[in-house]
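Chemist: here you go, sequence then predicted model.
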Amino acid sequence: MNIYVLMKRTFDTEEKITLSSGRINEDGVEFIINPYDEYAIEEAIQIRDAKGGEVTVISVGSQDAVTQLRTALAMGADKAVLLNIEEDIENGDQFTTAKVIAEYLKDKSPDLILGGNVAIDGGSGQVGPRVAELLGINYVTTITKFEIDGNRVTVVRDVEGDSEVIETNLPLLVTAQQGLNEPRYPSLPGIMKAKKKPLAELELDDLDLEVEDVEAKTKTIEIFLPPKKEAGRVLKGELEDQAKELVQLLHNEAKVI
């Protein structure tokens, strides 16, 4: 099987986000593979081991993503590709990312494409479905179970506290939800092997794309942190008086009634 995984480099989930001049400050920040993409990488490796084929991990961004791509190779992926758009695109969006990926994949005949359900930094969940639409293939999001039999695929997807079973055919794109599997840690032998595995780097010119082909469709107006939570208030006195005071506070201060 010809399997591809879409991977994003994101902030470590334990990092404290700070802003500088209206932008997220990246100085000294640790970056990781987007946690939902780890489920996609793990599932791709398991499918390859069971069905044969090759796993290629793709990331769009800058040279900085090489570290995370090497980690994916150490987990067990066969190849990695960095689609480096840093010099050409200053402010891309989900359309930009999806367009670049789809252009790379259009002549690769993928049987299966996996990605994370969302990225923990943006959380839009758009890139996977956009890639599938551009390639003209089926897609299923938020999957928690995956079974394949020849060209036939059965998936279970998470739907607002319940689950849904879907049957479809390859080629297919799916996005992984927590619970699909338990991602492995790179082993020492895996880390050593990763150094020798192929990692290609392509730019827009290599994909026959112009800057205007991938210009963002959206614009970020402002980035700001949520307001600090105020300390809670303890009401005292008789229960009836507390109830009256609570109603007044909800009406006059919280303005929710």
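Modeler: Cool, the structure landed.
Chemist: please, which helix or strand holds Ala200?
Modeler: Using DSSP states H and E, Ala200 falls within strand 199-202.
Chemist: what strands line up against that strand, and which way round?
Modeler: Next to strand 199-202 in the sheet, as set by DSSP bridges, lie strand 79-84 (parallel).
Chemist: mind listing residues that contact the strand holding Ala200?
Modeler: 63, 66, 69-70, 73, 79-84, 104 (Cβ atoms under 8 Å, 6 or more residues apart in numbering). All C-beta atoms are positioned from the backbone trio N, CA, C, and that covers glycine.
Chemist: closest to Glu245 among the residues you listed?
Modeler: Among the contacts of strand 199-202, Leu69 lies closest to Glu245 (Cβ to Cβ), at 57.9 Å.
Chemist: got a list of what the closest one touches?
Modeler: 7, 57, 59, 80, 82, 199.
Chemist: take the residues you listed and lay them out in TSV including distance to Asp93 and neighbour count.
Modeler: Listed next are the contacts of Leu69 as TSV, based on distance: Cβ to Cβ, whole Å; neighbours: other Cβ atoms under 10 Å:
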residue	distance to Asp93	neighbour count
Met7	18	29
Val57	22	29
Ser59	16	26
Ala80	23	26
Leu82	19	22
Leu199	26	16
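Chemist: where do the helices of the stretch 151-257 of the chain begin and end?
Modeler: Applying DSSP state H, counting those that start in this stretch to the stretch 151-257 of the chain gives helices spanning 188-194, 239-252.
Chemist: roughly how far apart are the closest residue to Tyr39 other than its chain neighbours and Ala132?
Modeler: In space, and not counting its chain neighbours, Tyr39 is closest to Ala176: 3.8 Å by Cβ to Cβ, 6 or more residues apart in numbering. Distance of Ala176 to Ala132, computed by Cβ to Cβ, to the nearest Å: 14 Å.
Chemist: who has more neighbours, these two?
Modeler: Higher neighbour count among Ala176 and Ala132: Ala176, with 28 against 23, using other Cβ atoms under 10 Å.
Chemist: my guess is that one contacts Gly115. True?
Modeler: Yes - between Ala176 and Gly115 there is a contact under Cβ atoms under 8 Å: 7.1 Å.
Chemist: joint contacts of these two?
Modeler: 36-37, 40.
Chemist: closest to Ile191 out of the residues you listed?
Modeler: Asp37 (18.6 Å).
Chemist: gap between stretch 21-35 and the chain center?
Modeler: Chain-centre distance of stretch 21-35: 15 Å, with Cα atoms, centre = their mean, to the nearest Å.
Chemist: how is the protein partitioned into domains?
Modeler: Split into domains by automatic domain parsing, the chain comes to 2-213, 227-257.
Chemist: which residues does stretch 184-197 contact?
Modeler: If you take Cβ under 8 Å, 6+ apart as the criterion, stretch 184-197 is touched by 42, 45, 70-71, 73-80.
Chemist: run the last query once more with 10 Å
Modeler: By Cβ atoms under 10 Å, 6 or more residues apart in numbering, the residues outside stretch 184-197 that reach it are 38, 41-42, 45-46, 69-80.
Chemist: what about the strands in the stretch 151-257 of the chain?
Modeler: 152-159, 162-169, 172-176, 199-202 (DSSP state E, counting those that start in this stretch).
Chemist: pull the longest helix from this structure.
Modeler: Ranked by residue count under DSSP state H, the longest helix found in the chain is helix 35-51.
Chemist: can you name every helix or strand that that helix contacts?
Modeler: Packing contacts for helix 35-51, counted by 3 or more Cβ pairs under 10 Å, 6 or more residues apart in numbering; DSSP states H and E, involve strand 2-6, strand 9-11, strand 31-33, strand 54-61, helix 66-75, strand 112-116, strand 138-149, strand 172-176.
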